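In: here is my input, please return the structure:
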Amino acid sequence: MKRNITIKYLAVFGILLALVTFSSCKKNQDDYELIKYLKNTYGTNIVGQQIDFRFAIASNDNSSLKNFEIAATYAGETGTIADTKCYWTLLDGKTYNKEMLTGISTNGKITSGSIIDDIEWETGKVSGYSSKAVTIMYSYIIPEEARGKKLQFNVKYTTENGSVQSYSTFEYNVENMDIAKDIVLSDPGNNSSKRYFSISDLKAYSKDEVETQNKSANIDFVYRYNTNAIITPGGNSITISNCIAAPSQNIYLNTDYVPANWTKNATLLESRKWDDMQLKGNTPNSYVTDMDLQNVTFNGTNLGLYGLKKDFGIILQTQDRKYRAYIYLKVIGTGTITIGVKRLKIM
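Out: Coordinates of the predicted model:
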């Protein structure tokens with residue numbers, strides 16, 4: 001099989017790197033097989049999160065592209081859309097863009113639009129686009145309907161001469177878990193600070209909010225900052241510094257933090273050095289999945305952890321065993337921490 005690449009396809013090839021290749025079986029230069037698309041978003045696919053694709057489309061009959069549609073298995077949430085611009089980077093390291101698409105709309109499962117005609121590839125440039133070959137930047141917001149199911153996208157496009165082509169992506173698993181990022185907990189010593197967290201609500205509360213909303217039964221852990229020595233029942237002196245503890249933990253948490261009339265959940269907490277790019281926001285390319293939380297083993301009955309360190313994590317199981325969660329410690333400060341949470345409903 002011989003590989004032929006015409007100049008009008010080089011734009012698509014450059015943007016999708018090695019993933020966009022045009023080949024033919026020696027019929028003519030316009031016959032090709034498109035190796036299709038690039039999924040830009042790494043990691044587990046979670047309800048409410050955005051995943052980004054680059055879909056390459058190109059004419060095979062020497063006429064301009066006319067229109068396209070991208071059909072998802074499930075209708076995406078608000079924010080599901082295709083960009084009207086195409087983007088490319090030249091050898092000078094600069095990224096360029098051009099309006100190539102128009103009439104973009106998303107209705108139910110379908111995102112569609114038209115290609116602007118009579119745009120020619122700029123001669124002499126290393127990369128660029130024409131009306132005969134573009135790469136569509138597509139963003140999809142995963143809906144609740146897709147939870148625990150498989151997700152696929154079908155790309156269909158036509159040319160001015162009436163040629164119709166299509167291809168489908170792989171199927172992608174959508175996790176059952178939920179995610180919450182960049183939650184700030186603080187303990188400045190007043191009742192308005194957000195230091196109480198509910199796994200079922202995936203939300204932080206202040207002491208005032210817990211009491212006015214009658215939320216104590218929902219609180220699974222409390223953040224406390226204290227640099228004074230605490231004496232344990234065994235007579236040891238410890239400094240907890242940054243601490244996360246279950247409401248029932250009465251060594252690290254006194255009645256100033258958990259009043260006597262509150263429900264005191266005995267949440268299991270254990271430290272784990274797990275990496276998660278989605279919560280951390282950068283490398284390494286590792287992720288906590290449904291399976292990780294389903295299969296985790298708790299080694300004891302630990303109700304609190306102190307001396308917390310940045311980039312470490314905590315695994316958690318609620319007292320009613322309804323949820324398990326992974327808590328990533330993104331920022332550790334003086335009287336404040338920033339966390340990310342992945343939560344899985346077990347029961």
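In: specify the beta-bridge partners of Tyr157.
Out: Tyr157 has the following beta-bridge partners by DSSP bridges: Phe68, Gln165.
In: contacts only, for Tyr167.
Out: Residues in contact with Tyr167 (CB atoms under 8 Å, 6 or more residues apart in numbering) are 34, 36-37, 154-155. Using the backbone N, CA and C atoms, a C-beta is placed for each residue, glycine as well.
In: avg pLDDT for stretch 235-246?
Out: For stretch 235-246, the mean per-residue pLDDT is 94.
In: which residues touch Ile219?
Out: By CB under 8 Å, 6+ apart, the neighbours of Ile219 are 196-198, 205, 210, 247, 262-263, 265.
In: which of those residues are buried, as a ChimeraX select command?
Out: With 16 or more other CB atoms under 10 Å as the criterion, this ChimeraX line picks the buried residues out of these:
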select :196,197,198,205,210,247,262,265
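In: which of the contacts of Ile219 fall in strands?
Out: Taking DSSP state E, the ones among these that sit in strands are 196-198, 205.
In: save those residues as TSV, and put in pLDDT too.
Out: Formatted as TSV, these follow (pLDDT from 0 to 100):
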residue	pLDDT
Tyr196	98
Phe197	98
Ser198	98
Tyr205	97
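In: ok, those residues vs Ile314, which is closest?
Out: In terms of CB to CB, no member of the ones in strands among the contacts of Ile219 lies closer to Ile314 than Phe197, at 11.2 Å.
In: OK, contacts around the closest one?
Out: 183, 185, 203-205, 219-223.
In: re the thing from before, would you turn the contacts of Ile219 into TSV with distance to Tyr129?
Out: Shown next, in TSV, are the contacts of Ile219 (distance: CB to CB, whole Å):
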residue	distance to Tyr129
Tyr196	52
Phe197	48
Ser198	49
Tyr205	50
Val210	55
Pro247	58
Trp262	61
Thr263	60
Asn265	57
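In: Arg54: which of the ones in strands among the contacts of Ile219 is nearest?
Out: Phe197 (37.4 Å).
In: for the contacts of Tyr167, work out which two are farthest apart.
Out: Maximum distance among these (CB to CB): 13.8 Å, for Leu34 and Asn154.
In: these two: who's more crowded?
Out: A count of neighbours by other CB atoms under 10 Å puts Leu34 above the other of Leu34 and Asn154, at 21 against 15.
In: for Gly307, give its distance to Leu329.
Out: 11 Å (CB to CB, to the nearest Å).
In: and those two? Which one has more around it.
Out: Neighbours per residue (other CB under 10 Å) separate Gly307 from Leu329, with Leu329 holding more: 22 against 12.
In: check contacts around the more buried one.
Out: Counted by CB under 8 Å, 6+ apart, Leu329 has contacts 308-314, 337, 339.
In: quickly find the element holding it.
Out: Here Leu329, judged by DSSP states H and E, is contained in strand 323-332.
In: list the neighbours of the next helix-or-strand element following that strand that are in contact with it.
Out: The helix or strand immediately downstream of strand 323-332 is strand 336-345, counting by DSSP H and E. Contact with strand 336-345 is made by 46, 176-187, 199, 202, 223, 225, 242, 276, 278-280, 288, 290, 293-294, 308, 322-331, as judged by CB under 8 Å, 6+ apart.
In: where does this structure dip in pLDDT?
Out: Counting by pLDDT under 70, the chain shows low-confidence ranges at 1-35, 122-128.
In: can I see the domain layout of it?
Out: 7-173, 178-345 (automatic domain parsing).
In: return the distance of the shortest one from the chain's centre.
Out: Spelled out, that is domain 7-173. Centroid displacement of domain 7-173 relative to its chain, using CA atoms, centre = their mean, to the nearest Å, is 21 Å.
In: what's the answer for the longest one, then?
Out: On the basis of CA atoms, centre = their mean, domain 178-345 is displaced by 22 Å from the centre of the chain it belongs to.
In: circling back: may I see the contacts of Phe197 organised as TSV, with distance to Asn254 and secondary structure added?
Out: Shown next, in TSV, are these (distance: CB to CB, whole Å; DSSP: H, G, I helix; E, B strand; the rest coil):
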residue	distance to Asn254	secondary structure
Ile183	24	strand
Leu185	18	strand
Lys203	24	strand
Ala204	20	strand
Tyr205	19	strand
Ile219	15	coil
Asp220	18	coil
Phe221	16	strand
Val222	11	strand
Tyr223	14	strand
